[in-house]
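S.K.: Give me the fold of what follows.
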Amino acid sequence: MSTVTQVLHTSDQRRRHHDFWRQRFMRIDQPFHFQCVRQQHGASDQPRCDFTFTLDADVTEIIDAQRGEDPTHAFVLHLAALHQVLGMYARQSCIIVDTPGYRFRPAGGHVSIIEQLNPRLGTAAFLAQVRHTLDESYQYQDFDLDQVEDEACHVPHTTSPVLFTCEDIHHPPKSTDYPLVIFLSRREQRVQWRLDADTSQFDAAFLEDFCRHWQQVLRQFEQPDTPCGKLSLLSENQQKRMLHFYGPINHAPAAQTLISNWEKTCSAYGDLPALLSGNEILSYDRLNQRANFLAATLWAEYSVNHGHRVAWYADRSPESAVILLGILKAGAIACPLDPLQPDAVNQTHLKALNPRLTVLPNATGTYPTHGNSLRLDSLFWRDDIANLPILVKSADTAVIVYSEAGKAHIPLTHAMLANSTRIQSDGFDLSPSDRILLVDEPSSDRGLIEMLTSWTAGAAGVLFDPELLVDEKRLRSFIDATGVTIAAFSARTLAGLASETLAHLRVILTKGQAHLSELAGRFAQSHHFFNVYGATETGGWISFYHIYPEDICGDHLPVGKALGDFSVYILSDNLQLLPPGLIGEICISGSAVAQGYLNQNGPSDRFVEDPFRPGLRMFRTGDLGYRQEDGNLVYLGSANEHVRVQGYRINSSTGDSAN
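M.R.: Have a look, this model is predicted:
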């Protein structure tokens, strides 16, 4: 920060200086940290490293064209591009860069250039803004900024990690005690940056990438009307290569519906168990017969037809599975409700869903309803009803579930769910001999997809009492008795279980968790251990990574590459593609991404057009992550629930490091 170099002779002069810096500091909402994973791993026996980067000839020409007779013009151009690059590296809209004093003024301390980034501003306008900021900051440099920082800034440690100096216009730096010092010079008609960096934070590979990104942003300043939000760290060819390398591995699947897939499974595996609950085993044929009867009843007695919504209280009973299939076979839309939720919550859901019919469980008790109501124990079941004609198409809505992330209901189509369940069935190598522990509540999107995925492969879903999860002895006995081979647990649940308890499982899944090293070390030795990632809005898991013991290095483990026809991007706040290693928002695109929230009640900015694959929808997850050099995605957690520490974010409610 700047230090006092001259006496401010009048109180009015001091007040003007004070007010200027106070307004600047009030713009800062968080300390600066490089949000780049590679930057964290620099290590050397020497405390500092020296790296020189010579700019390409075409960039030197751009700089010379704008330089003119004033040597500060070129510095302003470099500084403006540097602010933009640091903004993308730090995911911040207010950036501080320190500079020494001008040579044509008395030597003093360093001057903090605090710049607000506006993505809608054109590059020419931003250059003018930076020049104005620079002129004003030097005019008001003779002031002790520590006073203002303590008084006006609500964010501690706002000092800049970067000192930028130009030998043509600046005094030699009073101090180089910065993580990164950049010297701008010209050698043999070419512009050079010499970077003096702290080796505990930077390595040569990072510095080279940083300079290449800075140079690429400089190139784009040639077009004065380019909005700053469109500036990219990558050239057009680099973006094309990334999109090709990290793009979808398959084209969109052929049109499918859940019911057509279900009936194919029944035809192939009719005698095999589809659902286990206590001592009851329902074969595919038996479950199909009951679903046919319920669908016929909905048609004949309740006038439920194609496109009508039917709500039901999805509990952990075989009847809940019958209701789901019966609704879908009737061509209607299944809307699950959680019977454990308070009545007021379910009344709110029913109002939003506006179902034609509410199906009640067999259990005693009263539940809120909307429209007509049906209690299953009032039916006289028959087993002689043949498969009904399939009225739905792949683009029709199959299920409407509640998204906790979006705090709204979201319609999931037959194509979405058929694609998602196929991806998971193939990815986990499911077969009819597998038995899947149905861990999640049947009313949730994950609970539904667990059940549908087991049926896609001809496997059996296993219903159980969730109280078993807190009694390891009973859980182990249950797994042994039922022959469960696959289960998906949250990290919290898995942390409380011993590997011996799950010894008979073939596959263990963890659901998009940021901190897995300890758990992976415990279970990857003896099981196929997968880290999975997805969202309700994408119809379930869209990527997963098979973790082997040799993969366990650091706290963050990959969640794999996008599967099917999904694409996963790591984007800046302005939806610009970020290179591997830089932390950004995880965005998902593909034919199976939902079209939006029911009645547009969710966040309006979560679904946008894919900027790289025209005609497709992209879902902004609100999660942070980065891509490894090999293309695998690493999930760091939700952006809304984290704060930065040493360039990463930690959960503010628990204090657990995400590093």
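S.K.: quick one, longest strand in the protein?
M.R.: Ordering each strand of the chain by length in residues (DSSP state E) puts strand 617-627 first.
S.K.: What residues sit buried inside stretch 226-240?
M.R.: By 16 or more other Cβ atoms under 10 Å, the buried positions in stretch 226-240 come out as 228, 229, 231, 232, 233, 234, 239. For glycine as for every other residue, the C-beta is placed from the backbone atoms N, C-alpha and C.
S.K.: so how far is it from its chain's centroid?
M.R.: Relative to the chain's own centre, stretch 226-240 is displaced by 21 Å; criterion: Cα atoms, centre = their mean, to the nearest Å.
S.K.: could you pull out the helices for the stretch 451-600 of the chain?
M.R.: 472-482, 491-495, 517-523 (DSSP state H, counting those that start in this stretch).
S.K.: Who does the helix or strand following the longest strand of the chain pair with, and is each partner parallel or antiparallel?
M.R.: Once the chain leaves strand 617-627, the next helix or strand it forms, by DSSP states H and E, is strand 633-638. The pairing partners recorded for strand 633-638 under DSSP bridges are strand 558-560 (antiparallel), strand 617-627 (antiparallel).
S.K.: and the last one, average pLDDT?
M.R.: Read it as strand 617-627. Averaging the model's pLDDT scores along strand 617-627 yields 92.
S.K.: roughly how far is that strand from the heart of the chain?
M.R.: How far strand 617-627 lies from its chain's middle: 3 Å, per Cα atoms, centre = their mean.
S.K.: Only alpha carbons, please: show that strand as PDB.
M.R.: Output in PDB follows, covering the C-alpha atoms of strand 617-627 (Å, rounded to 0.1, in the frame of the first residue of the first chain):
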ATOM      1  CA  ARG A 617     -30.100 -25.700 -23.000                       C
ATOM      2  CA  MET A 618     -27.400 -25.200 -20.400                       C
ATOM      3  CA  PHE A 619     -27.900 -25.400 -16.700                       C
ATOM      4  CA  ARG A 620     -25.800 -23.200 -14.400                       C
ATOM      5  CA  THR A 621     -25.400 -25.400 -11.300                       C
ATOM      6  CA  GLY A 622     -24.100 -22.700  -8.900                       C
ATOM      7  CA  ASP A 623     -21.300 -25.200  -8.000                       C
ATOM      8  CA  LEU A 624     -17.600 -24.500  -8.200                       C
ATOM      9  CA  GLY A 625     -15.100 -26.800  -9.700                       C
ATOM     10  CA  TYR A 626     -12.200 -27.100 -12.100                       C
ATOM     11  CA  ARG A 627     -11.000 -29.400 -14.800                       C
END
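S.K.: ok, residues contacting it?
M.R.: 37, 246, 405, 535, 537-538, 559, 569-570, 578, 580-589, 593-595, 605-611, 633-640, 642, 649 (Cβ atoms under 8 Å, 6 or more residues apart in numbering).
S.K.: which parts of that strand are buried?
M.R.: Under the neighbour-count criterion of 16+ other Cβ under 10 Å, strand 617-627 has 617, 618, 619, 620, 621, 622, 623, 624, 625, 626, 627 buried.
S.K.: Quick one: low-confidence residue ranges for the stretch 451-600 of the chain.
M.R.: Within the stretch 451-600 of the chain, the set of residues satisfying pLDDT under 70 comprises 512-514, 554-555.
S.K.: So which residues of it form strands?
M.R.: In the stretch 451-600 of the chain, the strands defined using DSSP state E, counting those that start in this stretch lie at 460-463, 486-489, 507-511, 528-535, 540-547, 558-560, 567-571, 584-589.
S.K.: Make a markdown table out of the buried residues of stretch 226-240 and add distance to residue 483 and secondary structure.
M.R.: As requested, the buried residues of stretch 226-240 are exported to a markdown table (distance: Cβ to Cβ, whole Å; DSSP: H, G, I helix; E, B strand; the rest coil):
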| residue | distance to residue 483 | secondary structure |
| --- | --- | --- |
| 228 | 59 | helix |
| 229 | 55 | helix |
| 231 | 57 | coil |
| 232 | 53 | coil |
| 233 | 52 | coil |
| 234 | 50 | coil |
| 239 | 49 | helix |
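S.K.: Can you tell me which of those is closest to residue 276?
M.R.: Set against residue 276, the nearest of the buried residues of stretch 226-240 by Cβ to Cβ is residue 239 (49.6 Å).
S.K.: what about the closest residue in space to the closest one that isn't next to it in sequence, neighbour count?
M.R.: Nearest non-adjacent residue to residue 239, counting by Cβ to Cβ, 6 or more residues apart in numbering: residue 577, 5.4 Å away. Residues lying near residue 577 (other Cβ atoms under 10 Å) number 21.
S.K.: these two touch, right, residue 577 and residue 236?
M.R.: No - under the criterion of Cβ atoms under 8 Å, residue 577 is not in contact with residue 236, lying 10.6 Å apart.
S.K.: What ranges does the stretch 51-200 of the chain have for its helices?
M.R.: Counting by DSSP H, counting those that start in this stretch, the helices of the stretch 51-200 of the chain are 57-67, 71-90, 123-139, 145-152.
S.K.: Please name every helix or strand in contact with the second one.
M.R.: Packing contacts for helix 71-90, counted by 3 or more Cβ pairs under 8 Å, 6 or more residues apart in numbering; DSSP states H and E, involve helix 57-67, strand 94-99, strand 111-116, helix 123-139, strand 162-166, strand 180-187, helix 204-220.
S.K.: Next: the first one.
M.R.: Contacting helix 57-67 under the criterion 3+ Cβ pairs under 8 Å, 6+ apart are the following elements: helix 71-90, strand 190-198, helix 204-220.
S.K.: As CSV, these with distance to residue 136 and mean pLDDT would be great.
M.R.: Shown next, in CSV, are the helices and strands packed on helix 57-67 (distance: least, Cβ to Cβ, whole Å; pLDDT from 0 to 100):
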stretch, distance to residue 136, mean pLDDT
helix 71-90, 13, 92
strand 190-198, 26, 93
helix 204-220, 24, 94
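S.K.: With respect to residue 111, which of the ones you listed lies nearest?
M.R.: helix 71-90 (11.5 Å).
S.K.: Need the CA coordinates for the closest one. CSV is fine.
M.R.: Taking C-alpha atoms only, helix 71-90 is exported to CSV below (Å, rounded to 0.1, in the frame of the first residue of the first chain):
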residue,chain,number,x,y,z
PRO,A,71,4.7,6.3,-22.8
THR,A,72,2.0,5.8,-20.1
HIS,A,73,-0.5,4.8,-22.9
ALA,A,74,1.2,1.4,-23.3
PHE,A,75,1.3,0.9,-19.6
VAL,A,76,-2.4,1.6,-19.3
LEU,A,77,-3.2,-1.0,-22.0
HIS,A,78,-1.1,-3.7,-20.1
LEU,A,79,-2.7,-2.7,-16.8
ALA,A,80,-6.3,-2.8,-18.2
ALA,A,81,-5.7,-6.3,-19.6
LEU,A,82,-4.0,-7.4,-16.3
HIS,A,83,-7.1,-6.3,-14.4
GLN,A,84,-9.3,-8.3,-16.6
VAL,A,85,-7.1,-11.5,-16.3
LEU,A,86,-6.9,-11.1,-12.5
GLY,A,87,-10.7,-10.7,-12.4
MET,A,88,-11.1,-14.1,-14.1
TYR,A,89,-8.4,-15.8,-12.1
ALA,A,90,-9.9,-14.5,-8.8
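S.K.: Could you shift the numbering so residue one becomes 48, and keep it that way?
M.R.: Fine by me, first position is 48 from now on; the one you just mentioned is helix 118-137.
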